[in-house]
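# Here you go, sequence then predicted model.
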Amino acid sequence: MRKPLIAGNWKMNGSLELLETMKQALTSAQISSSVDVAIIPPFTLLMSAKEVLAGSSTGLGAQTLHPESSGAYTGEISASMLTECGVGYVLVGHSERRTLFAEDDQAVLARVRAALGAGLTPVLCIGETLEEREADRVETVVLGQVKTVIDALSAEERSRLVMAYEPVWAIGTGRTATPEQAQQVHAMIRSWLSDKDPALGEGMRLLYGGSMKADNAGDLLSQPDIDGGLIGGASLKPDDFIAICHAAG
Ligand SMILES: O=C[C@H](O)COP(=O)(O)O
């Protein structure tokens, strides 16, 4: 049985005020213990989030990391720095990192390795652009991104990953994949993982991301191979985020 995970990626948004408001809203919402919930604020809020969330069941994530453990990498943050902030999850390969910061599959793999080495749970983000979808290349692109990482890891390392399928054309656009479109890709990923190792396919949490909102979360999350959500815009609105958490459990 896979426990759903609802993770709110704040991207370059948020404030101390939102952190406090979100914590209070999550506490009074009494979200089912059958759902894992995490917030993923910008780096500057992580240490405060560690304190604000202490003793609560809400997990903490970071949006990226550098593959090296330390050194002359001005502006970057290492895996051990994240663990010091109480971080448990880290996004790797988000499409905005791939596109805006030129992170290719090898850069993504290096970050996954660094995260695993520090005991963090990498949330590996994968997904196709609209152009790739229209050229009928979804399977090639998405499985290519999955394969680069999975084939390079041991069975034990693979079992510690979470994946998030995020069609790039649905991110921040208000254009959501239909539940059927999302399920189709999730099923394809799970089938590929199961061919590699049945336990891997069965156990992998596959989140959906891309304009998931309070009003479409129920339909998306009821699909058999969708095990949660990576939420962008709606994770900045406590009521909306909580509604999505409730829809998961
Ligand atoms: O990390 C979150 C995704 O990029 C989805 O963002 P969105 O919900 O604003 O479309």
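Yes, it's here. Residues are numbered from 1 along each chain as shown.

# What number of residues are in the vicinity of S191?
Using other C-beta atoms under 10 Å, S191 is surrounded by 13 other residues. Any C-beta I mention is one placed from the backbone N, CA and C, and that applies to glycine too.

# when you give positions from now on, start the count at 17
Okay, using 17 as the starting number, the last item reads as S207.

# Excluding sequence neighbours, find me the nearest residue to it.
Nearest residue to S207, sequence neighbours excluded (C-beta to C-beta, 6 or more residues apart in numbering): G217, at 7.0 Å.

# Return the residues in contact with the one you found.
R206, S207, W208, L209, S210, D211 (C-beta atoms under 8 Å, 6 or more residues apart in numbering).

# In the chain, what residue comes closest to the ligand?
G248 (2.2 Å; C-beta to the nearest ligand atom).

# Mind exporting the C-alpha coordinates of the longest helix along the chain to CSV?
Ranked by number of residues, the top helix in the chain under DSSP state H is helix 195-212. Provided in CSV are the C-alpha atoms of helix 195-212 (Å, rounded to 0.1, in the frame of the first residue of the first chain):
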residue,chain,number,x,y,z
PRO,A,195,-7.2,12.3,-14.9
GLU,A,196,-7.1,9.9,-17.8
GLN,A,197,-4.1,11.5,-19.4
ALA,A,198,-2.2,11.6,-16.1
GLN,A,199,-3.2,8.0,-15.2
GLN,A,200,-2.0,6.8,-18.6
VAL,A,201,1.5,8.2,-18.1
HIS,A,202,1.6,7.1,-14.4
ALA,A,203,0.6,3.6,-15.5
MET,A,204,3.3,3.6,-18.1
ILE,A,205,6.0,4.6,-15.6
ARG,A,206,4.9,2.1,-13.1
SER,A,207,4.8,-0.7,-15.7
TRP,A,208,8.4,0.2,-16.7
LEU,A,209,9.5,0.2,-13.1
SER,A,210,7.7,-3.1,-12.4
ASP,A,211,9.5,-4.8,-15.4
LYS,A,212,12.7,-3.7,-13.8
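
# ok, what's across the strand from V139?
Taking DSSP bridges as the rule, V139 bridges to L107, V178.

# count of neighbours near it?
So V139, with other C-beta under 10 Å, has 30 neighbours.

# What confidence value was assigned to it?
In this model, V139 is scored at 98, pLDDT.

# rewinding a little: got a list of what the residue of the chain closest to the ligand touches?
N25, K27, I187, G188, G225, S227.

# residues in contact with the third one?
Okay, so that is I187. S111, E112, G143, G225, G226, S227, G248.

# One more: the fourth one?
If you count contacts by C-beta under 8 Å, 6+ apart, G188 has them with S227, G248, G249.

# quick one: pLDDT of Q197?
96.

# Next: A193.
89.

# How many residues are close by it?
Around A193 there are 25 residues (other C-beta under 10 Å).

# that older thread, just put the contacts of I187 in CSV and tack on distance to S85.
Formatted as CSV, those follow (distance: C-beta to C-beta, whole Å):
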residue, distance to S85
S111, 26
E112, 24
G143, 29
G225, 28
G226, 33
S227, 36
G248, 29
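
# For the residues you listed, work out which two are farthest apart.
E112 and S227 (14.4 Å; C-beta to C-beta).

# So which bits of the chain are right by the ligand?
Proximity of the chain to the ligand (C-beta under 6 Å from any ligand atom) is limited to residues 25, 110, 182, 187-188, 225-228, 246-250.
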